[in-house]
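Trainee: Only the shape, not the letters, is given here:
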RNA sequence: UGCCCGAUAGUAUAAUGGUAGUACGACAGAUUUUGGUUCUGUUUGUCUAGGUUCGAAUCCUGGUCGGGCAACCA
């Protein structure tokens, strides 16, 4: 299956580099998360890109944690990130940490001081900001910019030794306060933080800024293609500057547009807020756009990889329609998920012509898309559960389900004709009555007779119950991040609907967490991580396409 | 009023100086014991104004629009 696909711009760069013999044709990429949150679907795109590129061109990929800010980072995040990458189906060559390079980075800083390219600044954060200028106005030199090399060396050593409180001093690169690129206006290389680091403990009282760690970390690892998102484009000249002054391996950075998905947010800060404020039930709440959430929701690794492939790689900003992701998981689950019957919003259907107490076992197909999936038995009786929405008191013309006088096929069973119904004091339909056509039994000759609709059902006396969680989009607008005001005001109040007692086929009560099914006509579902034999819980991964719902909405 | 990045159907993404194609969506139809799947068909696009060229989505110039950059965050 060698489908002809054109190369994305990064693949073109890599192929050109290989052709030209750059780095001896070697390809080494890296995925560099900061361990300060869970990975989301946008990271999945980056993971697929970095690992996929290396795989395609015979290279490897490192996992490097850019852990330069101890106050936001935690090993919980390290563990979740590793789990998510492996779940997606990728394996890194080396597990590395920017914190592994702290001593090396310190030596680089000393070297830059000696070369006159860095100085210790006593200015406060506010003073630094004031002298920084603005995008349209040049900045001004700090009064500490002309300190001698010896003094800088001594002060920097004292910073490391912990002689100064947080914020008292910084080490800055001496570049150009008038540069049109703000990142070149004497950027801070080191700041004082008397903070406990998740790996280096209390060994350091100074920590490098990301900008002083990232490029050199790539260089130290001999990364050939350092791929990141668009917002780091203006940082690239700075990374190149450090590499040049230090005369170390010239790793090159390339930037692509990050993934945005409609009806959700992708910033770790906002996701953390949703978690901390209890708006969702945690990082892996199936409504979240995190990889952990998609896993719990029933998405497969391959569906996410396919999605990442289909969204493409480019440099223009984009918002991908949620529908594409849903298409990717439906496409896979249609082929693989066993079909079962579950009634989520039940009303009773009594077959008055079928003897009370009688039952029979009917053969049900496990998957029409997969002949090897085989068959199972379902129990039929005269009292069934059917979906409330499959009956209408006053059905419109194109309603192919139950209404008095209408015929419908009960999947795998008989064709029945509706004869009447009961309502309770609130006017809600409670029971529907019908007679069956004995010769229309599925498999029998008479089953060939045509009816427009087929509905699913469960024998009331035999069905088990389960909790079913129905998820919908987390936000009410396509681009909540781009809207004015507080993004939390745009949360969809109906993003989670819990059905305490849905009816399911008996064998489903034993479903193991992670097992996926198609609930016939209702969607794809997965047994939740909290699911137990005593109390099964199913998450709806995605609905089926529903052209009737669309039709009904029009009317 | 600085610097940087970008602009192709509704959403994405190809075409790398030579017929604007693909996917998802939408719409219509066929098939169907899931109003699912599958199949067929239809619809919709090169931001703009110049220039170079036999020929421009592609190269050049100006403009417009969108995004990024002024954390001791990454």
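Mentor: Cool, the structure landed. Here the structure is a predicted model, which is why all the values come from computation and not from measurement.
Trainee: alpha carbons only for contacts and neighbour counts from here, please
Mentor: OK.
Trainee: On the three-state scheme, residue A:165 is what?
Mentor: Using DSSP: H, G, I helix; E, B strand; the rest coil, the structure places residue A:165 in coil.
Trainee: my guess is it meets residue A:192, correct?
Mentor: Yes: counting by CA atoms under 8 Å, residue A:165 touches residue A:192, with 7.0 Å between them.
Trainee: Which one's more surrounded, the two?
Mentor: residue A:192 (22 against 12; other CA atoms under 10 Å).
Trainee: Can you check the pLDDT for that one?
Mentor: If you check residue A:192, the pLDDT there is 98.
Trainee: The one 4 residues further on too?
Mentor: pLDDT, the model's per-residue confidence, is 98 for residue A:196.
Trainee: before we move on, which element is residue A:306 in?
Mentor: Assessed by DSSP states H and E, residue A:306 sits inside helix A:301-311.
Trainee: helices or strands next to that helix in the packing?
Mentor: For helix A:301-311, the elements it packs on are helix A:41-56, helix A:75-88, helix A:322-336, judged by 3 or more CA pairs under 8 Å, 6 or more residues apart in numbering; DSSP states H and E.
Trainee: quick one, which of those is nearest to RNA strand B?
Mentor: Within the helices and strands packed on helix A:301-311, the stretch nearest RNA strand B is helix A:322-336; the backing value is 4.0 Å (CA to the nearest atom of the strand).
Trainee: Find the nearest non-adjacent residue to residue A:344, please.
Mentor: Spatial nearest neighbour of residue A:344, excluding adjacent residues (CA to CA, 6 or more residues apart in numbering): residue A:502 at 4.6 Å.
Trainee: Can you add mean pLDDT, mean neighbour count and distance to residue A:136 and give the helices and strands packed on helix A:301-311 back as JSON lines?
Mentor: JSON lines is the format used below for the helices and strands packed on helix A:301-311 (pLDDT from 0 to 100; neighbours: other CA atoms under 10 Å; distance: least, CA to CA, whole Å):
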{"stretch": "helix A:41-56", "mean pLDDT": "98", "mean neighbour count": "21", "distance to residue A:136": "32"}
{"stretch": "helix A:75-88", "mean pLDDT": "98", "mean neighbour count": "17", "distance to residue A:136": "39"}
{"stretch": "helix A:322-336", "mean pLDDT": "98", "mean neighbour count": "17", "distance to residue A:136": "39"}
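Trainee: which residues touch the residue of chain A at minimum distance from RNA strand B?
Mentor: Here chain A gets closest to RNA strand B at one residue, residue A:442, 2.4 Å apart by CA to the nearest atom of the strand. By CA atoms under 8 Å, 6 or more residues apart in numbering, the residues touching residue A:442 are A:412-414.
Trainee: repeat for residue A:440
Mentor: Applying CA under 8 Å, 6+ apart to residue A:440 gives the contacts A:413-415, A:446-449.
Trainee: Leaving out chain neighbours, which residue sits closest to it?
Mentor: The shortest distance from residue A:440 to any non-neighbouring residue, by CA to CA, 6+ apart, is to residue A:447 (4.0 Å).
Trainee: neighbours around the one you found, how many?
Mentor: Per other CA under 10 Å, the neighbour tally for residue A:447 reads 19.
Trainee: and if you look at the one 4 residues further on?
Mentor: Neighbouring residues of residue A:451 were enumerated by other CA under 10 Å; the total is 15.
Trainee: ditto for the one 5 residues further on
Mentor: If you count neighbours by other CA under 10 Å, residue A:456 ends up with 22.
Trainee: Great, nothing more from me.
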